[in-house]
Every structure is written in structure tokens, then in C-alpha cells.
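[1] Model the structure of this input:
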Amino acid sequence: MPQTVAFTAPREVGLADVEAQPLEPGTVRVRTWYSGVSAGTELTAYRGTNPYLTGTWDPDQRMFLPGTPTFAYPVEGWGYSEVGEVVEVAPDAGDRWSVGQVVYGIWGHRSEAVVPVGRLRGTLPPEDALTGTFARVGAVALNAVLAADVSLGDRVAVFGQGVIGLIATRLAVLSGAEVVAVDALPARLDHARDLGAAHVVDARVEAGAGAVVRRWSGGGVDSAIELSGVVPALHEAVRSVVVEGTVVASGFYQGGAEALRLGEEFHHNRVRIVASQISGTPVALGRRWDQARLVSTVMGLVAAGRLDVLPLVTDVVDAADVATVFARLDAGDPAILQAVLRFPAAPAPTGAPA
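    Residues are numbered from 1 along each chain as shown. Below is the predicted model of the structure:
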């Protein structure tokens, strides 16, 4: 019987049996090999802090309102970084898809899924399957870099060197920027150097990372991208930019923002804060960019060897051990960077921890 990852209560997660889905027109059946864990988003389900679990999302007003939560436990099938093998194809699914292909897309942490072909993002050689788990997180990173309007010769600060932050660092470097990377974990700053960061800053520095970045850049960076989801980091990003500089708030911030002070640098330097979220691309880019282009751009860089993502994978674990993975992430285990769930159909991974 197929299984899915289920959050059953705050800090309770495991595998649950689910019924096999019938093949529908325009779909394929995929047997999952790997599914990447997006720690920032998924910890909100694990901890019970996600706003969908605490309020009602009104899609017409696009507001969270008091009332019955939109989601309730158990929350099943979260995850948006899947890779698997096509095992069945609907007759009308088109000529592009065939049994035996290794595909990547979004169908959640589940051992098997019936996926509309429009949600498949591409195919991969079997030996490169693990790279497909970076398609979505890479798109999130690229969206943030585009929102920062990075140009050749710019100085850019990237706050938060988790998986998405590290990818953003590399993409900003590839865009021609001189990048300073900020994080509290030395190992992640080492990764940032490997990906081309010109300078790194320990987020715990007494003066505040924003002041250090400002001194390094000789008066402020042109833009700062905040990807940690930590409000004090967003405040330091505001402190780090030039007059009329741009701060891209791309982290998933939870609760209030007491550490964000808007009467100081934000006010006096006329800082512009823009939100970046994967449901849309920057307005200034018009219709030229969409989610599909974000994904294809990132995966093209991966295939060309210009964005090496496999060194970011620290843990490939059996899906049955999902509770251990989330407990480590929740505790802030510094040894874990990108965790990938391996389902029973998967071969041994290539180029990453077994």
C-alpha cells in the first residue's frame, strides 16, 4: 500500500498508509525515489506555527482571518521537491512521457502518486536523479535574486546560508555580483566561500552583521536578500544596504516582528523592502518569467555544472525515519543541511551520502 508523510500533531510526524489513486486522464503514475525536505516551510507544519493551521486563508481577499483553520491535523503529503520513476501513463498524457522515465516535479512526500503531466517539470538521467530534489528550492532562490535586481558589479549580501541561501549566493555570483554571505554556522560560511562568496560574516558578531557588511562594502551593499526566516536577520539586512537600497524578504517569518525596527535605518535610508514568494515572479519582469522558467533555468545551470548542488546534501534517509529528521531540524542540528527522504523504490543515490 502507498504511504505518505503525515504531520499528526505538533512535533509528531510519521508515515501513514493511503489508498492507491486511480490513473486519471492526463496523468502519469510515479513511484517516488527521493523527496527533498524544505526545512523552513515544513517545520511550520511540524511545530504547528503555519498560519494555515491557526487561521482561515480567504483566497478572494487574500488575507488570513479569524475562524476555522484552513488546515487541520493530520496534514499529509507536504513536500515539493520530488523525483521518481514513471510506472504508468494515461493514454492521453502525450508523447513526451513514457514508462521508465525518471521525472521531477511536485507531488509531496509520498511513495507513489498520480501526477497531472502539467506538474512534471522534466526528466533526468537516473544517475542524476538526486539533483531533481533541488528544482523547487533552486527556483525559490532564483526568484529572490531576480527580485533583488542584481546587476554586474553589484555588491549583494545574502543573509542565511541554508540550502536556499547558498543557492542564492551562487546565483548572485553567476549574475556578476560580489557577494557577502551571512550566517551563524561556520560550516555554512565555508560552503558559501566554495560557491563564490567574496566575503563571509558571522551573524553573531557583537556589532551586528548589518554594520559589518556596511563597513566591508564601504557604505552599504546595493541589495540584501534575507532567506533565514529570522526577523533579527531581516533587521540586519535593512541596516546593511545603501540609501534607497533594496532588501528582499524571502524567508518564511513566523509570529511577530519585534526585532524589526522601522524608525532607524529603514526610515532614514529610505530602504525598500520587497517580498519574494514562489507563487509569483517579480512584477517588473512582466510575463517573461514564470515558475516553469525559474525551474528550467536552475536545472539548466545544474546540468551544465555551473551550480553544484550535491555537496549540499548531508543526509539521505529512509522515509520511515522521517521523525528523526524533523527532530534534528527542529533542534537546529548544525550537521544537517539538505535532508532527502529515500523511498523503497529508490536506487542507491549517486554523489551524495548513502
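
[2] now the end-to-end length of stretch 149-156.
    Taking Cα to Cα, to the nearest Å, the first and last residues of stretch 149-156 lie 10 Å apart.

[3] Contacts for that stretch, please.
    Here stretch 149-156 makes contact (Cβ atoms under 8 Å, 6 or more residues apart in numbering) with 148, 172, 175-180, 217, 221-225, 246, 282, 284. (C-beta placed from N, C-alpha, C; glycine too.)

[4] Helix, strand, or coil at the residue most central in space within the chain?
    Nearest to the mean C-alpha position of the chain, by Cα atoms, centre = their mean, lies residue 137 at 3.4 Å. Here residue 137 is recorded as helix under DSSP: H, G, I helix; E, B strand; the rest coil.

[5] Leaving out the residues flanking it, which one is nearest to it?
    The shortest distance from residue 137 to any non-neighbouring residue, by Cβ to Cβ, 6 or more residues apart in numbering, is to residue 164 (5.2 Å).

[6] give me the element that neighbour is part of.
    For residue 164, the enclosing helix or strand under DSSP states H and E is helix 163-174.

[7] What is that helix packed up against?
    Identification of packing neighbours for helix 163-174 by 3 or more Cβ pairs under 8 Å, 6 or more residues apart in numbering; DSSP states H and E yields helix 135-147, strand 155-159, strand 178-183, helix 186-194, strand 221-226, helix 291-303.

[8] repeat that for 6 Å
    Applying 3 or more Cβ pairs under 6 Å, 6 or more residues apart in numbering; DSSP states H and E, we find helix 163-174 packed against helix 135-147, strand 155-159, strand 178-183.

[9] care to break the protein down by domain?
    The chain is divided into the following domains under automatic domain parsing: 3-136+290-342, 150-281.

[10] Can you lay out the ones you listed as CSV showing mean pLDDT and mean neighbour count?
    Listed next are those as CSV, based on pLDDT from 0 to 100; neighbours: other Cβ atoms under 10 Å:
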stretch, mean pLDDT, mean neighbour count
domain 3-136+290-342, 95, 18
domain 150-281, 96, 21
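
[11] As JSON lines, these with distance to residue 142 would be great.
    Listed next are the domains of the chain as JSON lines, based on distance: least, Cβ to Cβ, whole Å:
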{"stretch": "domain 3-136+290-342", "distance to residue 142": "5"}
{"stretch": "domain 150-281", "distance to residue 142": "6"}
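
[12] Residue 349 is nearest to which of those?
    Proximity to residue 349 (Cβ to Cβ) singles out domain 3-136+290-342 among the domains of the chain, at 5.0 Å.

[13] who touches residue 5 in this structure?
    Listed by Cβ atoms under 6 Å, 6 or more residues apart in numbering, the contact partners of residue 5 are 109, 322.

[14] Residues in a beta bridge with it, which ones?
    Listed by DSSP bridges, the beta-bridge partners for residue 5 are residue 15.

[15] And it, how far from residue 96?
    Distance of residue 5 to residue 96, computed by Cβ to Cβ, to the nearest Å: 29 Å.

[16] can you check residue 164 too?
    Separation of residue 164 from residue 96 (Cβ to Cβ): 29 Å.

[17] do residue 143 as well
    Residue 143 is 26 Å from residue 96, by Cβ to Cβ.

[18] For residue 353, give me the pLDDT.
    pLDDT, the model's per-residue confidence, is 70 for residue 353.

[19] which non-adjacent residue is nearest it?
    residue 316 (5.4 Å).

[20] list the helices and strands the strand or helix carrying the one you found packs on?
    Taking DSSP H and E as the criterion, residue 316 maps to strand 313-318. Here strand 313-318 touches strand 338-342, going by 3+ Cβ pairs under 6 Å, 6+ apart.

[21] what does the strand it packs on rub up against?
    The contact list for strand 338-342 (Cβ under 6 Å, 6+ apart) reads 34-37, 109, 133, 163, 312-313, 315-316, 318-319, 325.

[22] I'd like these as TSV, with distance to residue 55 appended.
    Below are the contacts of strand 338-342 laid out as TSV (distance: Cβ to Cβ, whole Å):
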residue	distance to residue 55
34	33
35	28
36	28
37	25
109	24
133	31
163	28
312	33
313	35
315	33
316	35
318	35
319	30
325	28
